[in-house]
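*Asks:* output the structure for:
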Amino acid sequence: MTNELILPMAAHVALAAALYAALTVVRAPKVWGIGRRADGLNPFATVEPRISANLSNQFEWRLFFHLACLLLPVASSAALTLAWLFIAGRLLHSIVQVFTGNVRLRGLVFTLNFLAVLGLWAHLLGGFQAEVVG
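*Replies:* Model (predicted):
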């Protein structure tokens, strides 16, 4: 793996860490009583399940992303572009899922992530095939 792919991988780890921090904050009224409304309810009750679901989503497709990054012997400009496209897509997906209920848009944004990772794997397999043939 090349050093250039560490940054997009670290960016994804940072996104997951930020989501864990946000989840801790929105669960504070329910778990610790901090920030509870006067009626005793959690003011973040509607957004908490969205953050939780988005955090779970971070661990589904990302395995293929990180694996492709680790297996690529050289980070070409195409691989770097695809890696950063995946990160941008993950960030957009988080924003759409947490702050809107727009499932259609979320699906479109996920397609961006999906295609970026497939592109990384095509790039990886293309290089592997060239090594085997050559």
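
*Asks:* now do residue 119 against residue 81, distance only.
*Replies:* Distance of residue 119 to residue 81, computed by C-beta to C-beta, to the nearest Å: 9 Å. Where you see a C-beta, it was placed from the backbone N, CA and C, and this is true even at glycine.

*Asks:* who has more neighbours, these two?
*Replies:* Taking neighbours as other C-beta atoms under 10 Å, residue 119 and residue 81 compare with residue 119 leading, 18 against 13.

*Asks:* nearest spatial neighbour of that one, chain-adjacent residues omitted?
*Replies:* residue 82 (4.5 Å; C-beta to C-beta, 6 or more residues apart in numbering).

*Asks:* next: residue 86.
*Replies:* Here the nearest residue to residue 86 in space, its sequence neighbours aside, is residue 116; by C-beta to C-beta, 6+ apart that works out to 4.0 Å.

*Asks:* settle this for me: that neighbour is touching residue 83, isn't it.
*Replies:* Yes - under the criterion of C-beta atoms under 8 Å, residue 116 makes contact with residue 83 at 7.5 Å.

*Asks:* mind checking which of those two has more residues around it?
*Replies:* Legend: neighbour count by other C-beta under 10 Å for residue 116 and residue 83, higher for residue 83 (28 against 23).

*Asks:* mind giving me the packing neighbours of the host helix or strand of the residue nearest to residue 119?
*Replies:* If you go by DSSP states H and E, residue 82 is part of helix 77-99. Secondary-structure packing of helix 77-99 (3 or more C-beta pairs under 8 Å, 6 or more residues apart in numbering; DSSP states H and E): helix 6-31, helix 48-57, helix 62-71, helix 103-133.
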